[in-house]
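[1] can you look at this prediction? I've put the sequence above it.
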Amino acid sequence: MERKSAVIEPQEGMTLKDHFLIAMPGMRDERFARSVIYLCAHNSEGAMGLIINQTQQLDFVDILVELGILERSQSIRLPARARNMAVRNGGPVDRSRGFVLHSGDYMVDSSLPVSEQVCLTATMDILRAISTGDGPRQALMALGYSGWGAGQLEAEIVENGWLACQANPDLLFDGEIDTIYDRILASIGVDLAHLSSFTGRA
């Protein structure tokens with residue numbers, strides 16, 4: 001029996017929310033070279049997602065101090081997960097705005113479910129919760145986001161800019177950021193050397 005490909009070919013009316021976008025080698029925009037984007041929203045009006053494999057120079061402690069949530073001297077009291085949390089470069093839009101993708105075991109009024117397992121929260125409540133150890137079991141923070149207007153993402157996929165596949169929460173929250181591009185490709189059985197054969201697919 002022929003193995004069904006994990007690579008998604010979007011159909012009209014299909015949403016790619018809760019999918020990974022993987023930049024193809026021919027990506028024309030250098031800001032997205034070898035990037036992996038988690039799509040938080042996608043409909044007929046456009047799409048929004050966060051790059052998960054690019055990091056900022058700031059770390060999570062820097063963000064907490066900058067927002068006045070704690071003093072630098074108090075950082076030693078943070079849970080290890082918070083102290084070691086890298087801050088991702090979510091994309092080129094609104095770089096001063098923060099977003100937290102997290103597991104569904106934490107919800108506040110402002111949390112937006114993306115899937116049964118992943119939520120998006122963009123308020124300071126979750127930062128305070130993470131800093132005290134009361135936050136979600138899994139989380140990543142990004143500054144800025146990636147956005148597309150109506151039909152723009154679909155056009156880029158047709159032009160062989162992106163591959164899309166169903167997101168895996170384990171890979172989404174994986175801390176090994178430098179290797180996630182290659183590991184996601186491997187997880188869907190795609191050989192980087194043969195990506196050109198997927199022209200027009202996503």
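    Nice, thanks for sending it over.

[2] out of the helices and strands in this protein, which is least certain?
    Using mean pLDDT, DSSP states H and E, helix 80-83 stands out as the lowest-scoring helix or strand of the chain, at a mean of 88.

[3] just the residues contacting it, thanks.
    Helix 80-83 is contacted from outside by 60-61, 64, 75, 130-131, 133, using CB atoms under 8 Å, 6 or more residues apart in numbering. Every C-beta, even on glycine, is put in place using the N, C-alpha and C of the backbone.

[4] farthest-separated two in those?
    Val61 and Gly133 (14.6 Å; CB to CB).

[5] which one's more surrounded, those two?
    Val61 (21 against 12; other CB atoms under 10 Å).

[6] in a helix, that's where that one is, yeah?
    Yes: assigned with DSSP: H, G, I helix; E, B strand; the rest coil, Val61 falls within a helix.

[7] wait, it sits on Leu78?
    Yes: counting by CB atoms under 8 Å, Val61 does reach Leu78; the two are 6.9 Å apart.

[8] buried stuff in the least confident helix or strand of the chain?
    Across helix 80-83, burial judged by 16 or more other CB atoms under 10 Å covers Ala82.

[9] to the chain's geometric centre, what's the distance from that helix?
    19 Å (CA atoms, centre = their mean, to the nearest Å).

[10] go on, stretch 128-143?
    The answer for stretch 128-143 is 15 Å, by CA atoms, centre = their mean.

[11] ok, now stretch 42-51?
    12 Å.

[12] give the buried residues for it.
    42, 47-51.

[13] go on, stretch 115-132?
    Buried residues in stretch 115-132 (16+ other CB under 10 Å): 117-121, 124-127, 129-131.
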